[in-house]
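1. Just the structure for this:
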Amino acid sequence: MKKLFGVLICGCLAGIGMPAFAQEETGIRFRKDAFSAVLEESAQSGKLVFIDCYTSWCAPCKWMEKNIFVNDTAASFYNTKFINYKIDMEKGEGPELRKRYGVQVFPTYLFVNGRGELVHKATSRMELQEFIEEGKKALDPSRAFSALEKAFAQGNRSKETLLAYAQALQRTDRNKADSVGRLLVAVLKDADLTTPVGWATIQSFAWDEEDRLGKYFTSHLNDYTKLYGAAATAKVQERLMYGALNALMRKKDSTAFFTRLSTWQRATDPALQKKALMMEAEYFLSAGDVKNFRRVTDSGLQGLLRNDDMGLGYIARRCEYLGEGNRPLLQQAHKLALRAVEIDPKEYSNQSTLAHICKDLGNKEEALQAAEAAYQLSLAETSKIQGLAKKLLDEIKQL
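-> Presented below is the predicted three-dimensional model:
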């Protein structure tokens, strides 16, 4: 009787115009109404609308939904401060809103007012505090994207404005972000680089050990560690190291490459050890060294990558791409892809990767089985993914 009473109450409330929500009982409460109704509520309440722009095939979108949107801290902040709305950019009103707000990547997060005007914009997967910080920026007239864009257009070139605008652009327009970032670096003096503004600039724009920011950071590493902590400086070091290793790989400087890589290989952090293994595999793959590629990836299968289907799948796809016609490489890629499917057989990309590799090897029966599994999984994805899966399945049937 209590359960029936509750159902009747909910039905009555919905019938008298209460906002409709998605089915989540916990986490951020997203409206299910038409966008016009959400804007009307925003105009009446004065609250901004937070819009999660996603697609069904977007892995970072799914990660945010699974890890951040359900978080109590995120939910408390967003449910209090915003009217929350989420929409698939490929269905219903999605394509129209995508065009209206220039959404190019997924996920994109829009913050709009009751008139539908864009106030703030950000993109990509985020950790909890970063996600909450974007909401705080939207609420701050001095830090919201639209305000920064207006200040820049009006000629404001202060260090603080350039930094905030460049950082905001990193989530929406990387080319323009780099352009504004170069303006910022040009106005910063060496004495500025250890200040909070300089440190934030290094955190956002230091990508190369050989450019001004990278060189200054490296030569003043102890100062940055004392001022901003070992954990924060380690992240910048890791990014610069990654860039240096890729540069050495392109130069085919094996001595310097493996000398630098040994730092990660000797690390106690398993995440760095895994990155070292992935980089080593990429090196041997790009060099066409089948023997050592097989040795490194076999080690990964037994250890660091044993339960990492994403890592295994990535290497397998790289192997197929770079090793076309090289049967020994494709056979190794098959081992990696097969293990990825064992770990998560319900992941579309795992089944699709295995099907492609089996097709290249001429293993029709196994290729067909994986392609059929990939096609069934694709039915929950976009029409584009479904089309690719169907095309692959048809090609294998014709072998």
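
2. pLDDT below threshold where in the stretch 251-399 of the chain?
-> 382 (pLDDT under 70).

3. switch the cut-off to 80
-> In the predicted model of the stretch 251-399 of the chain, residues 323-325, 380-384 satisfy pLDDT under 80.

4. nearest residue to Phe77 other than its sequence neighbours?
-> Of all residues not flanking Phe77 in the chain, Ile132 sits nearest, at 5.4 Å (CB to CB, 6 or more residues apart in numbering). Where you see a C-beta, it was placed from the backbone N, CA and C, and this is true even at glycine.

5. Could you report the distance from the one you found to Phe82?
-> 11 Å (CB to CB, to the nearest Å).

6. go on, Met278?
-> Using CB to CB, Met278 is found at 38 Å from Phe82.

7. same deal with Arg157?
-> Taken as CB to CB, the span from Arg157 to Phe82 is 32 Å.

8. Check Gly313 too.
-> Gly313 is 36 Å from Phe82, by CB to CB.

9. now do Leu128
-> Where Phe82 is concerned, Leu128 sits at a distance of 16 Å (CB to CB).

10. ok, now Thr218?
-> Taking CB to CB, one finds Thr218 at 41 Å from Phe82.

11. Retrieve the pLDDT associated with Ala10.
-> One correction, residue 10 is Cys, not Ala. We have a pLDDT of 42 for Cys10.

12. what about Gly313 and Phe82, which has more around it?
-> A direct count of neighbours by other CB atoms under 10 Å for Gly313 and Phe82 places Gly313 higher, at 23 against 19.

13. now that one, what's its secondary structure?
-> helix (DSSP: H, G, I helix; E, B strand; the rest coil).

14. and the lengthiest helix in the chain, what other elements does it pack with?
-> Criterion DSSP state H: the longest helix present in the chain is helix 230-251. Taking 3 or more CB pairs under 8 Å, 6 or more residues apart in numbering; DSSP states H and E as contact, the helices and strands that helix 230-251 lies on are helix 196-205, helix 212-219, helix 221-228, helix 254-265, helix 270-287.

15. Can you list the buried residues in that helix?
-> Using 16 or more other CB atoms under 10 Å as the test for burial, helix 230-251 gives Thr233, Val236, Gln237, Glu238, Leu240, Met241, Gly243, Ala244, Leu245, Leu248, Met249.

16. now the residues you listed in CSV, with pLDDT?
-> Output for those, formatted as CSV (pLDDT from 0 to 100):
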residue, pLDDT
Thr233, 97
Val236, 97
Gln237, 95
Glu238, 94
Leu240, 97
Met241, 96
Gly243, 94
Ala244, 96
Leu245, 96
Leu248, 96
Met249, 95
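
17. Out of the residues you listed, the closest to Thr201 would be?
-> Val236 (11.1 Å; CB to CB).

18. how much space between that closest one and Ala200?
-> For Val236 relative to Ala200 (CB to CB), the value is 11 Å.

19. And Lys137, by the same measure?
-> According to CB to CB, Lys137 stands 14 Å off from Ala200.

20. More neighbours: those two, which one.
-> Taking neighbours as other CB under 10 Å, Lys137 and Ala200 compare with Lys137 leading, 22 against 18.

21. correct me, but the more buried one touches Arg143?
-> Yes - contact status for Lys137 versus Arg143: in contact at 4.4 Å, counting by CB atoms under 8 Å.

22. any chance you could map the strands in the stretch 51-200 of the chain?
-> For the stretch 51-200 of the chain, strands defined by DSSP state E, counting those that start in this stretch occupy the ranges 82-88, 108-112, 118-123.

23. Switch those strands over to CSV; also include distance to Thr55 and mean pLDDT.
-> Putting those into CSV (distance: least, CB to CB, whole Å; pLDDT from 0 to 100) gives the following:
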stretch, distance to Thr55, mean pLDDT
strand 82-88, 6, 96
strand 108-112, 10, 97
strand 118-123, 13, 95
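
24. Pick the most buried one from these.
-> Across the strands of the stretch 51-200 of the chain, averaging neighbours per residue (mean count of other CB atoms under 10 Å) puts strand 108-112 on top, at a mean of 24.

25. Partner strands of it, with direction?
-> Counting by DSSP bridges, the strands paired with strand 108-112 are strand 48-54 (antiparallel), strand 118-123 (antiparallel).

26. Let's have these in JSON lines, adding distance to Ile68.
-> Output for these, formatted as JSON lines (distance: least, CB to CB, whole Å):
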{"stretch": "strand 48-54", "distance to Ile68": "10"}
{"stretch": "strand 118-123", "distance to Ile68": "13"}
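
27. Contacts only, for Ala380.
-> Residues near Ala380 by CB atoms under 8 Å, 6 or more residues apart in numbering: Ser56.

28. Report the separation between it and Ser42.
-> Taken as CB to CB, the span from Ala380 to Ser42 is 32 Å.

29. and if you look at Glu395?
-> 49 Å.

30. Tell me which of those two has more neighbours.
-> Ser42 (20 against 14).

31. hang on, isn't that one packed against Phe50?
-> No - in this structure Ser42 lies outside contact range of Phe50 using CB under 8 Å: 10.1 Å.

32. Now do the shared contacts for these two.
-> By CB under 8 Å, 6+ apart, the residues touching both Ser42 and Phe50 are Ile83.

33. Pull the residues that contact stretch 83-91.
-> Residues contacting stretch 83-91 (CB under 8 Å, 6+ apart): 22, 28-31, 33, 35, 38, 41-42, 45, 47-56, 78, 93-95, 97-98, 103, 106, 382-383.
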